[in-house]
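Trainee: next input, structure requested:
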Amino acid sequence: MDQTRGPATSLRARLHASFPQHVLETHAYRGQETVLLKREGLLEVARVLKSDPVFAFDFLMDLTCVDYLTFGRVLSSRPSLATPSPLPYYMTPKPDPERWQRGVSDAAYRFDVVYHFFSSSRVHRLRLKVPLSAADPALDSLTELWKSADWFEREAWDLFGVVFTGHPNLRRLLMYEGFQGHPLRKDYPFNKRQPLVGPVN
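Mentor: Numbers count the residues shown, from 1 in each chain. Coordinates of the predicted model:
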């Protein structure tokens, strides 16, 4: 575990100490604190993040999904690529190397569901990542804790096919109800014709 000093580090350390059975790892990059969590512990940890005054995360800022199906296999996502040189006049090299390791196997866990929390009283942030397998991309809904999770989870279901158990109304948000598939998955055919679109003449 990264032992970088600072107030946000104590949040990561506290979570790791309180839930060693659920936390896979923690790390930080340029002040962005991240906790990688097993899906079985999501609801339990989320309740503590909201109710414990040390965390006091009253705001779920964002929830999204990442599909790692082709990560590192195509040029645009190859982590070993160096920063292009020479840089344009308005850019400077990164002051420290960025961490690309997920903490889990890309083959075993195709998806990450990513949560961004903010505390308006404590003025701190935390990123929570939950890896999911391609065979069972499902985890607990957080709508009972943060109302903003409602549409975020619907969007992740609509575009990536992640199922949020316990969501009160998990249906499409951006695509129409008859849409087939999930268009932000990396294996979605770019030329797929949908039922309401029809053939190309």
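
Trainee: and residue 199, what pLDDT?
Mentor: With respect to pLDDT, residue 199 has a value of 61.

Trainee: whoops, I mixed them up, residue 138
Mentor: The predicted local confidence for residue 138 comes out at a pLDDT of 98.

Trainee: repeat that for residue 121.
Mentor: For residue 121, the model assigns a pLDDT of 96.

Trainee: for residue 98, same thing?
Mentor: Among the per-residue scores, residue 98 shows a pLDDT of 61.

Trainee: what's near enough to touch the residue nearest in space to the middle of the chain?
Mentor: For the chain, the residue sitting closest to the mean C-alpha position, by CA atoms, centre = their mean, is residue 114 at 1.5 Å. For residue 114, the contacting residues are 62, 63, 64, 65, 66, 127, 128, 129, 130, by CB atoms under 8 Å, 6 or more residues apart in numbering. Where you see a C-beta, it was placed from the backbone N, CA and C, and this is true even at glycine.

Trainee: in a strand, it, correct?
Mentor: Yes: counting by DSSP: H, G, I helix; E, B strand; the rest coil, residue 114 is part of a strand.

Trainee: any idea how far it is from residue 46?
Mentor: Relative to residue 46, residue 114 is positioned 14 Å away (CB to CB, to the nearest Å).

Trainee: now swap in residue 103 and tell me
Mentor: According to CB to CB, residue 103 stands 19 Å off from residue 46.

Trainee: looking at the two, which one has more neighbours?
Mentor: For residue 103 and residue 46, the more surrounded residue by other CB atoms under 10 Å is residue 46, and the numbers stand at 22 against 15.

Trainee: quick check on that one: phi, psi?
Mentor: Main-chain dihedrals, residue 46, degrees, to the nearest 10: phi -60, psi -40.

Trainee: got the contact list for it?
Mentor: 128, 142, 145.

Trainee: picking up where we left off before, right, and out of the contacts of residue 114, which lies closest to residue 23?
Mentor: residue 128 (10.0 Å; CB to CB).

Trainee: if we can go back for a sec, could you dump the contacts of residue 46 to a markdown table with neighbour count, pLDDT and distance to residue 33?
Mentor: Written out in a markdown table, the entries for the contacts of residue 46 read as follows (neighbours: other CB atoms under 10 Å; pLDDT from 0 to 100; distance: CB to CB, whole Å):
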| residue | neighbour count | pLDDT | distance to residue 33 |
| --- | --- | --- | --- |
| 128 | 23 | 97 | 10 |
| 142 | 25 | 98 | 19 |
| 145 | 17 | 98 | 20 |
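
Trainee: how far off centre is the host helix or strand of residue 25?
Mentor: Under the assignment given by DSSP states H and E, the secondary-structure element containing residue 25 is strand 23-29. Shown here is strand 23-29, whose average C-alpha point lies 13 Å from the average C-alpha point of the whole chain (CA atoms, centre = their mean, to the nearest Å).
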